[in-house]
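*Asks:* Build me a structure from this.
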Amino acid sequence: FFKAFRLFGYGSFVVLMVAALLIAAVHNIFFMQTGPLLVKLGLEGSNVGPAMSIGQFTEIVMIALLGWMIKGLGMRTVLAIGGAAYFLRFLFLGTIDLPLPVIIASLGLHGVCFACFYAAAFIYVDRLADDDIRHTVQTLFGILIGVGPVLGGWLNGKLAEMFTVNGN
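*Replies:* Below you'll find the predicted structure:
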């Protein structure tokens, strides 16, 4: 167990862990707020689930391409693409003046976000860890990204308090 914590001596591991915690928090906010946002923008409630599933389809495609991407582009580039996809997705969702179909299409970025960040991060952690600590390091990483949604839930409440006016 203590040997796994030695990986915090690698700067790249520390950066990954901090980024993973922050991304896990915003990932959770995405799932809590996107449905209500889409309804507020005019999408019928019965169409929110199908719209959100666009990201699941792109996730399947991106997972299928992930090995090729890591081999061809390198791990750091793939992780950066995943982080940038999170930024772009929130940029689209935050630009509510865009046409609704564009905002719905941007939900496809979820596949890029998930595959290029989370799946690639698990692969990176697996490569970095020695055989005897691989499971422990994966568990440590999993626990950390499990804390992210807790942080995201708290942050979601604070953001709702800050930006809710007259119940809207």
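
*Asks:* Contact partners for residue 55?
*Replies:* By C-beta atoms under 8 Å, 6 or more residues apart in numbering, residue 55 lies in contact with 107-111, 113-114. Any C-beta I mention is one placed from the backbone N, CA and C, and that applies to glycine too.

*Asks:* Against residue 57, how distant is residue 64?
*Replies:* To residue 57, residue 64 is 11 Å away according to C-beta to C-beta, to the nearest Å.

*Asks:* Looking only at neighbour counts, state which of those two leads.
*Replies:* Counted by other C-beta atoms under 10 Å, residue 64 and residue 57 do not tie: residue 57 has more neighbours, with 13 against 10.

*Asks:* For the strand or helix carrying that one, buried residues please.
*Replies:* Applying DSSP states H and E as the criterion places residue 57 in helix 54-73. Neighbour-count burial for helix 54-73 flags 54-55, 58-59, 62, 66, 69-70 (criterion: 16 or more other C-beta atoms under 10 Å).

*Asks:* Is it possible to get JSON lines of these that adds pLDDT and distance to residue 157?
*Replies:* Converted to JSON lines, the buried residues of helix 54-73 look like this (pLDDT from 0 to 100; distance: C-beta to C-beta, whole Å):
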{"residue": "54", "pLDDT": "95", "distance to residue 157": "27"}
{"residue": "55", "pLDDT": "92", "distance to residue 157": "24"}
{"residue": "58", "pLDDT": "96", "distance to residue 157": "29"}
{"residue": "59", "pLDDT": "95", "distance to residue 157": "27"}
{"residue": "62", "pLDDT": "97", "distance to residue 157": "31"}
{"residue": "66", "pLDDT": "97", "distance to residue 157": "34"}
{"residue": "69", "pLDDT": "97", "distance to residue 157": "36"}
{"residue": "70", "pLDDT": "97", "distance to residue 157": "37"}
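
*Asks:* Relative to residue 11, which of those is nearest.
*Replies:* residue 70 (20.0 Å; C-beta to C-beta).

*Asks:* And the pLDDT at the spatially most central residue of the chain?
*Replies:* Nearest to the geometric centre of the chain sits residue 27, at 4.5 Å (C-alpha atoms, centre = their mean). pLDDT for residue 27: 86.

*Asks:* same check, this time on residue 152
*Replies:* Looking at residue 152, its pLDDT stands at 88.

*Asks:* I'd like the distance between the spatially closest residue to it that is not a sequence neighbour and residue 103.
*Replies:* Leaving aside its sequence neighbours, residue 152 sits nearest to residue 28 (C-beta to C-beta, 6 or more residues apart in numbering; 3.2 Å). Distance of residue 28 to residue 103, computed by C-beta to C-beta: 20 Å.
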